[in-house]
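*Asks:* I'll drop the sequence and a predicted model, then ask my questions.
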Amino acid sequence: MDTSPRTPHRLDPAGGCPHADNARLLERGAVAAVVLPGEVEGVAVLGHEALRDFLAHSEVAKGAAHFTALREGRIAPGWPLATFATVRGMTTADGDDHRRLRSLVSKAFTARRVEELRPRVEELTAELLDDLDRAAGRDGGVADLRRHFAMPLPMGVIGELLGVDAEHRERLHQLSNQVVATDIGPEKALAANRELVAVLTAVAAARGERPGDDLTSALIAARDEDGGRLSQEELIGTLVLMIIAGHETTLNLLTNAVRALCGHRDQLRMVLEGEASWADVVEETLRWDAPVSYFPFRYPVRDLTVDGTVIPRGTPVLAGYSAAGRDPAAHGPDADRFDVTRPARPDAVRHLSLGHGAHYCLGAPLARMEATIALERLFARFPDLEPALPESALVRHSSCVGNSVRALPVRLGAARG
């Protein structure tokens, strides 16, 4: 059992590429003591097997009441990670509360409902490819793929699913980006959270006056029919979580997949020639360059030993998805190699980047469908697409939670079709 003191790894609030640090930490073990932005002590579970077990452990909670430092008033106002701990919704609920909140939104993400969204995803993808082409034409042949394609696709889909008018979507993206950021100051963090809640409260009020065939209207009906099923705070908290999780992760997934394929043209060639599928690209990107690096928070409800390391009760624990995806103990000595033909693991768990256990990502089928359609249509139309800057010149997303770059300027090359 590892009880020896070690210097905690200090997470960079400005983000940066996590893979080099992850590799060093994994050499020491599957669990690492960390210092979170704001000088808060925590732990990250990094190894694939350890993380899979931890995510499904019966004595690990999500509710903020279990967060010792928060409960004791030792977390300063405006802490950049506060929303992840305190927002009222299914990602911070346990047991019956978690099941109640998850059941209220799960019908919107069934396999049948997701498949019904396919024509709209295809239509929106085609529209955005036209927008991307026009943007490149205006700007000397270069366009920001993240801004003109990878962001508006999932934001458009989740916006329509929630009944959020188009006029609010750009601002909601900007605000959610600030909420995810970990290098933001206390005043800006508080302001971003207040405005995000205000915008979504206005959205909910509009849907209350003019109900539609959307998830927000269904949640409002549940609140009004039986206040015990959903409170107003839980309604807004659910919308906050749905907006952030419903587009930020898919945005990063698309951006990272394009970067990976452009940096590995042999892999792109195999997919274009039918030797691997676009679904393979999505799964390998989720493993190799997870859209979320360190996801907050879980808390042991008692002192818990994970892979020989004791994690004290009430410690905020991060799920180290980007590290687990490249864990050599789980994925072999070539775990850091992008390979769309990589064989499945014996346990069929290729990666943990969409979670595991009771809190497995509810929107996983939708994210997979969006990403598969988007990548296939993008490279069918622009097979010679290439980044306009070298990978080393791309500015990383300012977060140790999200894992991607802030912009991805590309040259589209000659279009087909």
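*Replies:* All right, it came through fine.
*Asks:* ok, now which ones touch residue 411?
*Replies:* Counting by Cβ atoms under 8 Å, 6 or more residues apart in numbering, residue 411 touches 136, 141-142, 385-388. All C-beta atoms are positioned from the backbone trio N, CA, C, and that covers glycine.
*Asks:* and with 10 Å instead?
*Replies:* Applying Cβ atoms under 10 Å, 6 or more residues apart in numbering, one finds that residue 411 lies in contact with 136, 140-143, 382, 384-388.
*Asks:* Repeat that for residue 300.
*Replies:* So residue 300 contacts 43, 54, 57, 59-61, 66, 306, 310-315, 317 (Cβ under 10 Å, 6+ apart).
*Asks:* Tell me both backbone torsions, phi and psi, for it.
*Replies:* phi -60, psi 140 (degrees, to the nearest 10).
*Asks:* So it versus residue 12, what's the distance?
*Replies:* As judged by Cβ to Cβ, to the nearest Å, residue 300 and residue 12 stand 25 Å apart.
*Asks:* Work out for me the element the closest residue to residue 201 other than its chain neighbours sits within.
*Replies:* Sequence neighbours aside, residue 236 is the residue nearest to residue 201 in space, at 5.8 Å (criterion: Cβ to Cβ, 6 or more residues apart in numbering). Using DSSP states H and E, residue 236 maps to helix 232-263.
*Asks:* gap between that helix and the chain center?
*Replies:* 5 Å (Cα atoms, centre = their mean, to the nearest Å).
*Asks:* quick one on the thing from earlier: return the member of the contacts of residue 300 nearest to residue 72.
*Replies:* residue 314 (9.0 Å; Cβ to Cβ).
*Asks:* I figured that closest one was touching residue 67, is that so?
*Replies:* Yes - if you go by Cβ atoms under 10 Å, residue 314 and residue 67 touch, sitting 6.3 Å apart.
*Asks:* can you give me the strands for this structure?
*Replies:* Using DSSP state E, the strands of the chain run over 9-10, 31-36, 40-45, 60-61, 142-144, 294-300, 304-306, 309-311, 317-320, 386-387, 409-411.
*Asks:* Go ahead and measure how far the fourth one is from the middle of the chain.
*Replies:* Yep, that's strand 60-61 we're talking about. 20 Å.
*Asks:* do the same with the longest one
*Replies:* With Cα atoms, centre = their mean as the basis, strand 294-300 stands 14 Å off its chain's centre.
*Asks:* Can you report how many residues lie near residue 52?
*Replies:* 18 (other Cβ atoms under 10 Å).
*Asks:* coming back round to it: need the buried ones from the contacts of residue 411 selected in PyMOL.
*Replies:* A single PyMOL command selects the buried members of the contacts of residue 411 (16 or more other Cβ atoms under 10 Å):
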select buried, resi 136+142+143+382+385+387+388
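*Asks:* what would the contacts of residue 411 look like in JSON lines with distance to residue 74 and pLDDT?
*Replies:* Listed next are those as JSON lines, based on distance: Cβ to Cβ, whole Å; pLDDT from 0 to 100:
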{"residue": "136", "distance to residue 74": "50", "pLDDT": "94"}
{"residue": "140", "distance to residue 74": "52", "pLDDT": "81"}
{"residue": "141", "distance to residue 74": "53", "pLDDT": "89"}
{"residue": "142", "distance to residue 74": "48", "pLDDT": "95"}
{"residue": "143", "distance to residue 74": "46", "pLDDT": "96"}
{"residue": "382", "distance to residue 74": "51", "pLDDT": "96"}
{"residue": "384", "distance to residue 74": "54", "pLDDT": "93"}
{"residue": "385", "distance to residue 74": "49", "pLDDT": "96"}
{"residue": "386", "distance to residue 74": "49", "pLDDT": "96"}
{"residue": "387", "distance to residue 74": "44", "pLDDT": "96"}
{"residue": "388", "distance to residue 74": "46", "pLDDT": "96"}
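*Asks:* just the contacts of residue 411 now: which is nearest residue 104?
*Replies:* Using Cβ to Cβ, the contacts of residue 411 come closest to residue 104 at residue 143, 38.9 Å.
*Asks:* show me the contacts for that closest one.
*Replies:* 131-137, 149, 388, 408-412.
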